[in-house]
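Chemist: need a structure here:
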Amino acid sequence: MKRILITGVAGFIGSHIAKRFLAEGYQVIGVDDLSGGKLENVPAAVEFIKGDLSLAETMERLPAGCEKILHLAGQSSGEISFDDPIADLQKNTISTLNLIRFGIKNKIERIVYASSMSVYGSVPDEPISERNDPRPLSCYGVGKLASEGYLRVYKDQLPFVAMRMFNVYGPGQDLSNLRQGMASIYLAQALNNKRIEVKGSTKRFRDFIYIDDVVEAWWRAASYPSARNQVLNIGTGLKTTVGELLEKICINVPGSEFFVQGSTPGDQTGIFADVGLLEKILDINKCTKLDTGLPLFVTWARENMKSLKIGGSTES
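Modeler: Sure thing, here's the model as predicted:
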């Protein structure tokens with residue numbers, strides 16, 4: 001049985017990806033320090049290791065014999081990265097460098113890395129391609145870009161794929177975390193008290209990609225020879241304003257309303273993906289539209305409200 005190492009396996013995206021690889025017949029070894037992820041998210045068949053990948057003691061516990069590394073562990077909020085930039089660097093960049101060294105030592109075939117649209121920073125109102133000059137606005141974005149740099153340095157010893165993910169949403173997302181995930185933050189507030197606090201202009205815009213589409217992209221990135229040493233936007237190529245997202249949430253959660261107050265440090269005014277390279281490299285040419293994915297997200301949240309801890313206010 002093929003073995004794969006998935007970091008951040010207790011998180012929203014990592015746990016979904018783990019389920020896919022288990023379904024495809026892989027033996028999955030999962031790592032997470034549970035600082036953001038939840039143990040109940042980890043699929044039962046995963047061989048789980050609790051630990052912080054920025055620490056040598058965790059690295060020493062990782063098993064040899066894995067075919068690939070899917071690296072999703074880390075601190076995932078631009079806003080939170082300003083609270084403690086050193087901790088953000090350790091969680092997101094030191095951990096990546098440690099895994100690169102581990103991968104080279106153990107002759108890993110490929111590492112697939114969870115990068116972010118945050119590396120781009122302030123950009124024009126047009127589809128942003130991987131050729132755009134990255135100028136991150138947050139400590140989080142700086143760390144993600146630095147990790148990509150390390151991957152490039154060692155690409156001849158450890159092939160990589162860097163996945164610059166845009167705004168991922170869908171069932172399983174943490175509705176208690178009100179500092180990461182725009183769609184989930186707004187939905188949590190709508191479900192909790194029907195009032196959505198918006199930090200920043202409703203004219204801002206984003207590219208919202210449904211979790212199932214992200215999982216498919218990760219599967220192909222780990223498998224396709226064409227993805228070797230590529231940096232890829234993982235988005236839909238569709239521009240949605242914050243105002244449009246709020247209107248859709250209010251339609252799906254009747255009686256909800258929103259108000260604008262304040263702003264978020266390091267926030268991007270607007271960004272959406274050029275997906276030409278994604279289509280070319282991974283042969284992905286369709287996506288779940290927000291009008292389809294959002295109702296699925298809302299239905300899941302309503303069905304699980306008794307077991308979910310849903311936050312109340314403060315938008316990222």
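
Chemist: and the next helix or strand past the helix or strand where residue 48 lies?
Modeler: Taking DSSP states H and E as the definition, residue 48 sits inside strand 47-50. For strand 47-50, the following helix or strand on the C-terminal side (DSSP H and E) is helix 56-59.

Chemist: show me the domain layout of this protein.
Modeler: Each domain of the chain is listed here as a residue range: 3-167+209-234, 173-207+238-271+288-303, per automatic domain parsing.

Chemist: any chance of the ones you listed in JSON lines, plus distance to residue 278, mean neighbour count and mean pLDDT?
Modeler: Where C-beta positions appear, they are placed from N, C-alpha and C, glycine not excepted. As requested, these are exported to JSON lines (distance: least, Cβ to Cβ, whole Å; neighbours: other Cβ atoms under 10 Å; pLDDT from 0 to 100):
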{"stretch": "domain 3-167+209-234", "distance to residue 278": "5", "mean neighbour count": "20", "mean pLDDT": "95"}
{"stretch": "domain 173-207+238-271+288-303", "distance to residue 278": "11", "mean neighbour count": "18", "mean pLDDT": "92"}
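
Chemist: partners of residue 232 in the sheet?
Modeler: Beta-bridge pairing for residue 232 (DSSP bridges): residue 163.

Chemist: contacts only, for it.
Modeler: Residue 232 makes contacts with 130, 161-164, 217, 221, 277-278, 281-282, as judged by Cβ atoms under 8 Å, 6 or more residues apart in numbering.

Chemist: quick check, nearest of those residues to residue 260?
Modeler: Ranked by distance to residue 260 (Cβ to Cβ), the contacts of residue 232 are led by residue 164 at 28.2 Å.

Chemist: please name the nearest non-neighbouring residue to that closest one.
Modeler: residue 115 (4.7 Å; Cβ to Cβ, 6 or more residues apart in numbering).

Chemist: from the contacts of residue 232, which land in strands?
Modeler: 161-164 (DSSP state E).

Chemist: JSON lines for these, including distance to residue 211?
Modeler: Formatted as JSON lines, the ones in strands among the contacts of residue 232 follow (distance: Cβ to Cβ, whole Å):
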{"residue": "161", "distance to residue 211": "19"}
{"residue": "162", "distance to residue 211": "19"}
{"residue": "163", "distance to residue 211": "14"}
{"residue": "164", "distance to residue 211": "17"}
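
Chemist: separation between the residue lying closest to residue 203 once chain neighbours are set aside and residue 208?
Modeler: Leaving aside its sequence neighbours, residue 203 sits nearest to residue 241 (Cβ to Cβ, 6+ apart; 6.0 Å). Here the criterion is Cβ to Cβ, to the nearest Å. By it, residue 241 lies 11 Å from residue 208.

Chemist: picking that back up, closest one of the ones in strands among the contacts of residue 232 to residue 101?
Modeler: residue 162 (17.4 Å).

Chemist: who's in contact with that closest one?
Modeler: Contact analysis of residue 162 by Cβ under 8 Å, 6+ apart lists 113, 115, 147-148, 151, 230-232.

Chemist: which of those fall within strands?
Modeler: Using DSSP E, the subset of the contacts of residue 162 located in strands is 113, 115, 230-232.

Chemist: mind putting those into CSV with distance to residue 299?
Modeler: As requested, the ones in strands among the contacts of residue 162 are exported to CSV (distance: Cβ to Cβ, whole Å):
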residue, distance to residue 299
113, 32
115, 30
230, 35
231, 35
232, 30
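
Chemist: so residue 172, which of the three states?
Modeler: Here residue 172 is recorded as coil under DSSP: H, G, I helix; E, B strand; the rest coil.

Chemist: what is the burial count for it?
Modeler: Using other Cβ atoms under 10 Å, residue 172 has 20 other residues around it.

Chemist: look up how far residue 248 lies from it.
Modeler: Separation of residue 172 from residue 248 (Cβ to Cβ): 19 Å.

Chemist: likewise for residue 20?
Modeler: Distance from residue 20 to residue 248, counting by Cβ to Cβ: 27 Å.

Chemist: and what of residue 65?
Modeler: From residue 65 to residue 248 the distance is 46 Å (Cβ to Cβ).
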